[in-house]
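S.K.: turn this into a structure:
(one chain, ligands or ions: 1)
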Amino acid sequence: MKTLLITGGAGFIGSNFIRYLLDNSDYSVINYDLLTYSGNLDNLSNIQGDKRYTFVNGDICDRNKLNNIFHSNKIDGIINFAAESHVDRSILDSQPFVHSNINGVVTLMDVARQFGIARFLQISTDEVYGSAAEDQTFTEDSNLIPNSPYSASKAAADLMVRSYVQTHHFPGIITRSSNNFGPYQYPEKFIPLIINNALEGKKIPIYGDGSNIRDWIFVEDNCRGIFEVFEKGKIGDIYNIAANNERTNLEIVHLILKLMNKSTDLIEFVKDRPAHDKRYSINAEKVKSEIGWFVERNFEESLEFTIHWYMENKKWLESITKKTKFTDYYKTQYGLA
Ligand SMILES: NC(=O)c1ccc[n+]([C@@H]2O[C@H](COP(=O)([O-])OP(=O)(O)OC[C@H]3O[C@@H](n4cnc5c(N)ncnc54)[C@H](O)[C@@H]3O)[C@@H](O)[C@H]2O)c1
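M.R.: Numbering: from 1, shown residues only. Next up is the predicted model:
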């Protein structure tokens, strides 16, 4: 049986991916995660007894701990989801982003090289391309022009992966997806924040005038894309993954409030984020034509599914908000306590 090392598997996309992998492949999984504020083992509670699943608590910067895993297991590939992932937090403090998103990736690649790993997939983001003009859509060959410390740290990691491929013939591949939504997303992120604040009757903060555009993909579609790229992608290549659901932030809030039958009075416009990217837009033709990936899930239906999931999983949300010490900034900015 083949074994994959999934790093950052206790977070939003990683936990959805591990479930997808166990349901759709014969792989065994070692989930290696530091359990930062956004990592939560409750995200995987329904697979705890699975014989193909093991959890190890650790930092991707911890070379000794990673060495131990490789010494005691035959690892057939690595998929790295581990990262600091929230733009606002990177504006408050960039250091954890440099630690996990850059140093962590380099450490992981060094250990992978030492043990001759056959495939290494780095999970990146459309944010590395920066803000798209009205008539612009980025391909994998577009320039990297990141504007936030978060996206700059992800772009730096992408360049380190590229350099290892060129310099060391390292078996690196990169996926860059658009904004994900779905179950188990930490409630500081836009869509779960709207749903949860609406459920609690709290104000829903929108940056600026709400005209910033994001391209949304249901997390399951991205997980299937990641798996297919891991299996069939060409070493050294980059694959954009997107479902072409571009919406302004204001449109998203209106849609969710309508689906939840809640009043738009909850909307509150707040001071804009510094260097707020106006629009994200990526072209996903390569992953479709070369890998055979396609979008399976309808946007509005998966949004409704997501809303119902949060409504039915209030306990999950309460456990997260209890264990997290939100800073004053988060309390005022997001209405979370
Ligand atoms: N959420 C999105 O919309 C989106 C879109 C494109 C790309 N991505 C990328 O996908 C990946 C996963 O994002 P997410 O939304 O699931 O994030 P998340 O914050 O929910 O999860 C990140 C996970 O990484 C773990 N982690 C952080 N630092 C670590 C370290 N040093 N060592 C080990 N584990 C560590 C955390 O404990 C957590 O479980 C990230 O690399 C992110 O940049 C996310």
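
S.K.: please name the residues that touch the residue of the chain found nearest the ligand.
M.R.: Closest contact between the chain and the ligand, by CB to the nearest ligand atom, is at G11 (1.9 Å). Glycine gets a C-beta too; all of them are placed from N, C-alpha and C. With contact set as CB atoms under 8 Å, 6 or more residues apart in numbering, G11 has these partners: D33, S38, G39, N40, N43, F81, A82, S85, Y186.

S.K.: ok, L303 touching L255?
M.R.: Yes - the criterion here is CB atoms under 8 Å, and L303 meets it with L255 at 6.9 Å.

S.K.: more neighbours: which of those two?
M.R.: Set side by side, L303 and L255 show more neighbours around L303, with 22 against 17, by other CB atoms under 10 Å.

S.K.: so the more buried one, which of the three states?
M.R.: helix (DSSP: H, G, I helix; E, B strand; the rest coil).

S.K.: and it, how far from P183?
M.R.: Distance of L303 to P183, computed by CB to CB, to the nearest Å: 12 Å.

S.K.: just Y129 next, same as before
M.R.: For Y129, the distance to P183 (CB to CB) stands at 27 Å.

S.K.: higher neighbour count, the two?
M.R.: Neighbours were counted for Y129 and for P183 using other CB under 10 Å; Y129 has more, 25 against 20.

S.K.: need the contact list for the more buried one.
M.R.: Applying CB under 8 Å, 6+ apart, we find Y129 in contact with F138, S142, N143, L144, I145, P146, R176, Y280, I282.

S.K.: and if we set it to 10 Å?
M.R.: Contacts for Y129 were tallied using CB atoms under 10 Å, 6 or more residues apart in numbering; they are 136-140, 142-146, 151, 155, 176, 240, 277, 280-282.

S.K.: which ones among these lie within helices?
M.R.: S151, A155 (DSSP state H).

S.K.: buried subset of the contacts of Y129?
M.R.: By neighbour count, with 16 or more other CB atoms under 10 Å, the contacts of Y129 hold 137-138, 140, 142, 144, 146, 151, 155, 176, 240, 277, 280-282 as buried.

S.K.: with distance to the ligand and pLDDT added, can I get these in a markdown table?
M.R.: Putting these into a markdown table (distance: CB to the nearest ligand atom, whole Å; pLDDT from 0 to 100) gives the following:
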| residue | distance to the ligand | pLDDT |
| --- | --- | --- |
| T137 | 17 | 98 |
| F138 | 13 | 98 |
| E140 | 15 | 98 |
| S142 | 16 | 98 |
| L144 | 14 | 98 |
| P146 | 12 | 98 |
| S151 | 9 | 98 |
| A155 | 11 | 98 |
| R176 | 7 | 98 |
| N240 | 11 | 98 |
| D277 | 13 | 96 |
| Y280 | 10 | 97 |
| S281 | 14 | 97 |
| I282 | 10 | 98 |
